[in-house]
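Asks: got a predicted model here, sequence first, then my questions.
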Amino acid sequence: MKLVSLEMGSGGRLMQEFIKERLLPAFKNRYLQVLHDSALLPAGLALTTDSYTVDPIFFPGGDIGTLCVNGTVNDLVVSGARPEYLSLALIIEEGLEMSSLERILRSVRKTAARNRVQIVTGDTKVVPRGQADRIYINTAGIGHMVGRPQPEKIKPGDKILVTGTVGEHGLAIMLARNSFRLSSRVRSDCAPLVFLLPLWKKGALWMRDITRGGLATVLSELADRISYPLLVEETRIPFSRALKGAVEILGIDPLYLACEGRALLVVKEGDAGRALRALRNNHASGQAAIIGEVQDKIGRKGEALLRTSSGGLRLLEPLTSELLPRIC
Amino acid sequence: MTPKKKSPELFAEWRSGSTVRNLLKTISGEIIAIKRPIRIMEVCGTHTMTLHRAGLKPLLREAGVEMVSGPGCPVCITPDYYHEAIINLVTSQKNILAATFGDMTRVPTARGSLQTTVPFPGSEIKIVYSPEEALELAGKNPGKEVIFFGAGFETTIPAIAHTVKKAAEKKLTNFSLLAALWLIPPAIEAILKSGEVAIDGFIYPGHVSAVIGQKAYTFVAEKFGVPGAIAGFEPADVLLGVLSVSRQIRNGRPEVSNEYRRVVRTDGNPLALTLMAEMLQPFAADWRGLGRIQNSGLKLKPAWKEYDATTRFDLKLKPSRSHISGCRCGDVLKGLIGPLDCPLFARACNPDHPLGPCMVSYEGACLIEYKYSSGEKKK
Amino acid sequence: MCLAVPGKVVSLEGDGTGKVDYLGTTVLANLSLLPEVKVGDWVIVHAGFAISRLDRTEARRTLKLFKELEKLNLSD
């Protein structure tokens, strides 16, 4: 591959290859090696960073401001850390309306307050017209560990949970960019996952927020990381009715649609029922569900298998090509 | 009485494990009576998709039915030189706006793909999701020549024809169609005539059939003695089609059965057919893999030549050699081999580095196999 | 190539188009290929065009068939 392609940043296989083949060898150290969502540093600290280039910058259910705080907060949470401080770096295209910028900053402030994180440092750059698409934001987050992911302890019988309906952010963005003459009630699921922190002490062994590449990509990554295959039941995956309608019309596979406020958890078998009840009792995760389990009877190591509603088996692969709706 | 179809779980019965199991069991019974496994070909990317996504192929194999994919992907069977003609135009002239479907832009050719093409200053390539969107682009860009590169079978052809008609009604002077319009029954006939692939029966595409009706396939049963069934796209629909074909084989009575009666009428959609006849005429088109087939393609009639990009821009659609040695898309499209039999599959050719359209199109057999099959393939 | 979903016509826009509802998502579809379509009809929409009407009686018939198959297999 001689030129950087769009797909390299899409969150799927090509990006994973890029990280493994070019980034890891360039920056050899034991913190990076682990490739968690955050780096787990000495003194019990976790550090993470993300850049936000979402288009459009305002969409049903949120905007780039809510996204840049929730996204980084969530990366810390799923790594076992309580989010405490954030940096905020803005790259703004010349000509952006001040009212839009203020709206975004208001979102950042509100979302940070909601998550009890403080924006403590930042940077502002303005680039000439045409050299950025309205605004790009980078946030880095830091916090203390309250738990620790233990994927090495995952064994057959441990349950796989999702914290709510999946795919809504990806679909909301897709529809905001191009209406396809559709009108839909789908809104981004952009939200913080801080409510998951107590689960680190209640049986959670591994968590990942479901972002680009969708649920299928995260399941595939989980399967790669542990020693046993996974089996997920299609009928147990929660989808909202609004999403179901739109994806069937557009011919998109909802398992590959991004979320921005949903997580996948692996919970010890004995604690799974309690964890589910705790999630369901919380307004933010009322639709949480156990969607499958780690097992050693069907499939091979490294395989994330889906049992379809029709009873067939399907292998879940990471996202490979940019998701464009089919028409024919 | 409210029909079950109105419930939020619209297709629950058509997808449920128990319906599928019952159908498979019944099919199994027929195969036992036939005393040998059978091979059924489907010619529709959406059928291929259902078979893989629902995990039906292995289940059918266990029941004694081998499903084979035929030329069911319009993007796949459109030869490279159509794309190359557009690429030539867009890179050599200004103010050309080429509009086409997403997966069309990723088809690799000797000149690269539309996606990687750098247009002449002032020209551009845009992805659209319906033919009408291309029409809207023409309206909004009066200074540009909009060429809609539209590929499709009979399901999509009426929509494309209608769009050209609307362009004429609006008296647009900057809109034209590069048509890659393909007809299913002639392709089926060509496959049967060649005798290269052993097929015991066909599953006919449900929505193509909604347009062309049931009689279009009569020749398969009467002239060739091969059974067939029109089927819809839910897992249970496909299995109903397979069941019907199995029964036809068992009883030795080939016919064209309609297992999608909720959508397909015997005569199809007469209005759509009239529109097609009004605007389009058949010609001997060259299909990727299948070669030249008589009366298998449709092009705009001379009365509409203003809207025909081939005459408007004097496009040379000349067959050229395939540029990828080893690419066996043609054989996959004929049903001669499956994706797993292609030496490039999942190695040199995969979704991130596709070498042929079968790995690019959402309806492509290779892409579908890669994405959904239960991984014997890789690593 | 046959990707299409069934939906209910909820409004006619007068210019040959109409709004079709599928599970709460509404699509603006071209209805010119189905001239006598009315609000309340169920149609199949492909590439932005309604190409066929859905016959609910036939749908019910198929559902009945599924039930019969179940009984048949249970009695084996």
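Replies: Done, it's in.

Asks: now check stretch C:35-44, is it near chain A?
Replies: No. Counting by C-beta under 8 Å from any C-beta of the partner chain, chain A is not contacted by stretch C:35-44; separation bottoms out at 11.3 Å. In this view, the C-beta of every residue, glycine as well, is placed from N, C-alpha and C.

Asks: span of stretch B:210-223 from start to end?
Replies: Stretch B:210-223 has an end-to-end distance of 23 Å (criterion: C-alpha to C-alpha, to the nearest Å).

Asks: same check on stretch B:26-46?
Replies: Start-to-end span of stretch B:26-46 (C-alpha to C-alpha) is 24 Å.

Asks: buried stuff in stretch B:212-221?
Replies: Within stretch B:212-221, the residues that count as buried by 16 or more other C-beta atoms under 10 Å in any protein chain shown are B:212-214, B:216-217, B:220-221.

Asks: mean confidence (pLDDT) on that stretch, please.
Replies: Averaged across stretch B:212-221, pLDDT comes to 97.

Asks: restricting the selection to alpha carbons, write stretch A:54-65 to CSV.
Replies: Coordinates of each C-alpha in stretch A:54-65 appear next as CSV, following Å, rounded to 0.1, in the frame of the first residue of the first chain:
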residue,chain,number,x,y,z
VAL,A,54,-17.0,13.7,12.4
ASP,A,55,-19.0,15.1,9.5
PRO,A,56,-21.5,16.7,9.9
ILE,A,57,-20.5,18.5,13.1
PHE,A,58,-24.1,18.7,14.3
PHE,A,59,-26.3,15.7,14.1
PRO,A,60,-29.5,14.3,15.7
GLY,A,61,-28.5,13.3,19.2
GLY,A,62,-25.3,15.4,19.6
ASP,A,63,-22.5,17.2,18.0
ILE,A,64,-18.7,17.1,17.8
GLY,A,65,-18.5,18.8,21.3
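
Asks: where does the stretch 1-150 of chain A have low pLDDT?
Replies: A:1, A:7, A:10-12 (pLDDT under 70).

Asks: recalculate using a threshold of 90.
Replies: When residues are selected by pLDDT under 90, those of the stretch 1-150 of chain A lie in A:1-20, A:24, A:28-37, A:54-55.

Asks: can you name the residue of it nearest chain B?
Replies: Ranking the residues of the stretch 1-150 of chain A by distance to chain B (C-beta to the nearest C-beta) places residue A:14 first, at 5.2 Å.

Asks: that residue touches residue B:352, doesn't it?
Replies: Yes. Taking contacts as C-beta atoms under 8 Å, residue A:14 lies within contact range of residue B:352: 5.2 Å.

Asks: and the helices in the stretch 101-250 of chain A?
Replies: Using DSSP state H, counting those that start in this stretch, the helices of the stretch 101-250 of chain A run over residues A:168-177, A:214-225, A:241-250.

Asks: quick one: which of residue A:14 and residue B:352 has more around it?
Replies: residue A:14 (22 against 16; other C-beta atoms under 10 Å in any protein chain shown).

Asks: mind listing what's buried along the helix or strand hosting that one?
Replies: For residue A:14, the element it lies in under DSSP states H and E is helix A:13-18. For helix A:13-18, a neighbour-count test (16+ other C-beta under 10 Å) marks A:13-16, A:18 as buried.

Asks: could you show which parts of chain C are in contact with chain A?
Replies: C:1-3, C:5, C:7, C:22-29, C:45-48.

Asks: those residues also near chain B: which ones?
Replies: C:1-3, C:23, C:46-48.

Asks: would you point out the most distant pair within those residues?
Replies: C:1 and C:23 (22.7 Å; C-beta to C-beta).

Asks: who has more neighbours out of these two?
Replies: Between residue C:1 and residue C:23, counted using other C-beta under 10 Å, residue C:1 has the larger neighbour count: 34 against 20.

Asks: residue A:320 in helix, strand or coil?
Replies: Of the three states, residue A:320 takes coil according to DSSP: H, G, I helix; E, B strand; the rest coil.

Asks: for the stretch 51-200 of chain B, which residues are neighbours of chain C?
Replies: B:72-74, B:129-132, B:152-153, B:155-156, B:158-159, B:162.

Asks: hey, which strand is longest across chain C?
Replies: Longest strand in chain C, counting residues (DSSP state E): strand C:5-12.
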